[in-house]
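Colleague: I'd like to go over a predicted model; first the sequence, then the structure.
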Amino acid sequence: MKILLVCAAGMSTSLIVEKMKKSLKPEEADSAIVAVPVEEFESLVKDYDVVLLGPQIRYKKVEFEAIAKKHNIPLDVINTMDYGLVKGDKILDHARKLYNSR
């Protein structure tokens, strides 16, 4: 599973990426989790299985969802509390649910 996290500058989600990586199960060792700034979304989305947006760019959801849908890639906004508390395990669980719902 390849997860793309998108935020305003790509910096704040780097902490979440690390927490998510620590929560991966052994059988998910080949998973990729990457954080990028909003400007890189359109050029990268096709290379990922799931996209999660940082709460600070939730206003982009409709626009980005339309692009992701063209590639059959689920997209959602990260829960604000999970994001603020850097709950990598919960955010990873959300990504898994999206991945399995494809």
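Modeller: Received the coordinates, thanks. Nothing here was measured: the structure is a model prediction, and the numbers come from that model. Numbers count the residues shown, from 1 in each chain.
Colleague: I3: neighbour count?
Modeller: 24 (other CB atoms under 10 Å). Using the backbone N, CA and C atoms, a C-beta is placed for each residue, glycine as well.
Colleague: Now do the helix or strand harbouring it: distance to the chain's middle.
Modeller: Using DSSP states H and E, the element containing I3 is strand 2-7. Centroid separation between strand 2-7 and its chain, computed with CA atoms, centre = their mean, to the nearest Å, is 3 Å.
Colleague: List the strands paired with it, with their directions.
Modeller: Applying DSSP bridges to the sheet, strand 2-7 is found paired with strand 32-37 (parallel), strand 50-53 (parallel).
Colleague: quick one: contacts of it?
Modeller: 13, 16-17, 20, 31-38, 40-41, 44-45, 47-54, 56-57, 60, 64, 78, 92, 95 (CB atoms under 8 Å, 6 or more residues apart in numbering).
Colleague: can you dump the C-alpha coordinates of it into PDB?
Modeller: Listed next in PDB are the C-alpha coordinates belonging to strand 2-7 (Å, rounded to 0.1, in the frame of the first residue of the first chain):
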ATOM      1  CA  LYS A   2       1.300   3.400  -1.000                       C
ATOM      2  CA  ILE A   3      -0.100   6.300   1.000                       C
ATOM      3  CA  LEU A   4       0.200  10.000   0.000                       C
ATOM      4  CA  LEU A   5      -0.300  12.600   2.700                       C
ATOM      5  CA  VAL A   6      -0.900  16.100   1.400                       C
ATOM      6  CA  CYS A   7      -0.600  19.300   3.500                       C
END
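Colleague: Tell me the first helix or strand C-terminal of it.
Modeller: Assigned by DSSP H and E, the successor of strand 2-7 is helix 12-22.
Colleague: Now do the longest helix along the chain and strand 2-7, the angle between them.
Modeller: As assigned by DSSP state H, the longest helix anywhere in the chain is helix 88-100. Between helix 88-100 and strand 2-7, the angle formed by their directions is 120 degrees, by axes from the mean of the first three to the mean of the last three CA atoms, to 10 degrees.
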